[in-house]
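Undergrad: Predicted structure and sequence below. I'll ask about it afterward.
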Amino acid sequence: MSIATQNQGPHPDVRPGDRRTALGLLMAAYMLSVTDRMILSVLFDPIKAEFSLTNTQLGLLGGLTFSLFYATLGVPLAKYADRNDRRRLIAACLILFSAMTAMSGLASGFLMLIIFRILVGVGEAGVNPASQSMIADYYPSHQRSLAMSVLTAGGNLGMIFGFLAGGLVSQAYGWRAAFFVVGIPGVLLGLALLLFLKEPRRGGAEALASDAKPSRANIGDSVRTMFASPVLRQLLAASTLSGMVTYGILQWLPAYFGRVHDLEQGRVGVVMAVFIGVIGAVGTLAGGRLTDVLTKRRVDLGVRMIALTQIVMIPLFAVGYMSGSLAVSLAFLALPFFMLSFFLGPSLALIQTYAPVEMRSLAAAIKMLCLNLVGLSLGPLIVGVITDLLEPSQGTKALAIALSCIALFSVWSAIHFLLAGRAMLKQERQAGTAAQRA
């Protein structure tokens, strides 16, 4: 389906009040999912000390053990969401992962932490694909990048909450208390979703697609549909590689400030909350808005802008990480962290725009599968492995070097964003030619 086809305006049953309420509630759910996902990174060092873990074990705990189940279970849960009530699924999954985060505070060792992180991943698997599908049914394509960026800006708010709670609560009361503080609010939000979130009509944001029926195709057919589209293939590759860089950096950044700049946990939490959370949130919204504006001018300009930011970040990251001065480090890291999440909202929105209306949840889940099975699994692990290899010779600089290395993958992601733009422009021109012939 082309963008031109989908820009016919929202269906009359999509009310502005319902849209705002849904976006606010779903953003809050995403905020808590990121809080519960990222809280572990703030607690790496005290957990490592108590359980005598290696950096590689921490990388596994923060990456593969969570993402393997989060990514793979997202596909069947998304298939369920494409056929059933998304509101109830989101609420149930939110309550599950929040409860398991709180239970992580009771872990007696590495194995028990792994089990709880697996269950957190199981719960989070059902939230994001269904949320993105609902937002796509509330917002037309020309407003969708900004709407998805508002959703994903909840992730930055989640980081603020997670970093502050993780740093300050852990320093004052221990790392176990931090898990309780961030887990309990999600249970309450899950109940609020059941009361106030409304299920929109599928395809309700597109007048021509307002009668879309739930998909009855099997998962294999849906996957083949996704990968048959040149636009979707390139977007999946680009966002997966960008996610690997993002997750690799975010999981290890608190440890970087602690090891390289000798910040205590409370100060690490504050620096991460203010610096990464606020700057990252503004950047996320700016990326969505810029993409909407540029895409109106020409369909490929938004993703080309994102490709440019991917390249610009690399040297700034390297200088920032390798500086021995905290002030210099923050100064050079400010701009790349502003641009780091530019890709997130637009990539989610474009996948929803180019995927068939009846399989939007599944399209989001396939994207999540690629992003997390590769990005979240490998990003933190690569940083951990490089750090372990270099620590004997480089000491505390090893982590800074590893973070600089992971940023190099942004070159690869930029190439795929450019190829996605080329495919989008080609598809639009083909649709225009077909319309003229008709």
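TA: Here it is on my side, so go on.
Undergrad: ok, then the element right after the helix or strand that contains residue 146?
TA: If you go by DSSP states H and E, residue 146 is part of helix 141-164. For helix 141-164, the following helix or strand on the C-terminal side (DSSP H and E) is helix 170-173.
Undergrad: now the next helix or strand after that next one and helix 141-164, what's the angle there?
TA: Next in sequence after helix 170-173, counting helices and strands by DSSP H and E, comes helix 175-196. Between helix 175-196 and helix 141-164, the angle comes out at 150 degrees (axes from the mean of the first three to the mean of the last three CA atoms, to 10 degrees).
Undergrad: So which bits of helix 175-196 are buried?
TA: By neighbour count on 16 or more other CB atoms under 10 Å, the buried set for helix 175-196 is 175-176, 178-183, 185-187, 189-190, 193. C-beta here means a position set from N, CA and C on the backbone, and glycine is covered the same way.
Undergrad: okay, who's weakest in the residues you listed by pLDDT?
TA: Lowest pLDDT among these: residue 175, with 86.
Undergrad: and that residue, how far is that from residue 162?
TA: Using CB to CB, to the nearest Å, one obtains 13 Å as the distance from residue 175 to residue 162.
Undergrad: didn't residue 182 look like it was pressed against residue 37?
TA: No. Using CB atoms under 8 Å, residue 182 is not in contact with residue 37, being 10.1 Å away.
Undergrad: returning to what we had before: nearest to residue 124, of the buried residues of helix 175-196?
TA: Of all those, the one sitting nearest residue 124 is residue 186; the distance, using CB to CB, is 10.1 Å.
Undergrad: if I pick the closest one, what's in contact with it?
TA: Residue 186 makes contacts with 29, 32, 36, 94-95, 97-99, 101, as judged by CB atoms under 8 Å, 6 or more residues apart in numbering.
Undergrad: Mind listing what's buried along the strand or helix carrying residue 379?
TA: Here residue 379 sits within helix 377-394, counting by DSSP H and E. Neighbour counts over helix 377-394 (16+ other CB under 10 Å) mark 377-384, 386-388, 390-391 as buried.
Undergrad: what's the closest of the residues you listed to residue 305?
TA: Nearest to residue 305 among those, with distances taken as CB to CB, is residue 379, at 23.3 Å.
Undergrad: The helix or strand hosting residue 309 vs helix 141-164, what angle?
TA: Secondary-structure assignment from DSSP H and E places residue 309 in helix 301-322. Relative orientation of helix 301-322 versus helix 141-164 (the same axes, to 10 degrees): 20 degrees.
Undergrad: For helix 301-322, name the packing helices and strands.
TA: Counting contacts by 3 or more CB pairs under 8 Å, 6 or more residues apart in numbering; DSSP states H and E, helix 301-322 is packed against helix 230-260, helix 279-297, helix 326-339, helix 344-354, helix 397-407, helix 410-437.
Undergrad: Mind checking the pLDDT average for the fifth one?
TA: Mean pLDDT, helix 397-407: 95.
Undergrad: Please state the offset of that helix from the chain centre?
TA: 22 Å (CA atoms, centre = their mean, to the nearest Å).
Undergrad: just to revisit the earlier point, now, the contacts of residue 186 that are in strands?
TA: Among these, no member falls in strands (criterion: DSSP state E).
Undergrad: which pair in these spans the largest distance?
TA: It's 29 and 99 that sit farthest apart of the contacts of residue 186, by CB to CB, at 14.4 Å.
Undergrad: Looking at those two, which one has more neighbours?
TA: Taking other CB atoms under 10 Å, residue 29 and residue 99 do not tie; residue 29 has more neighbours (29 against 18).
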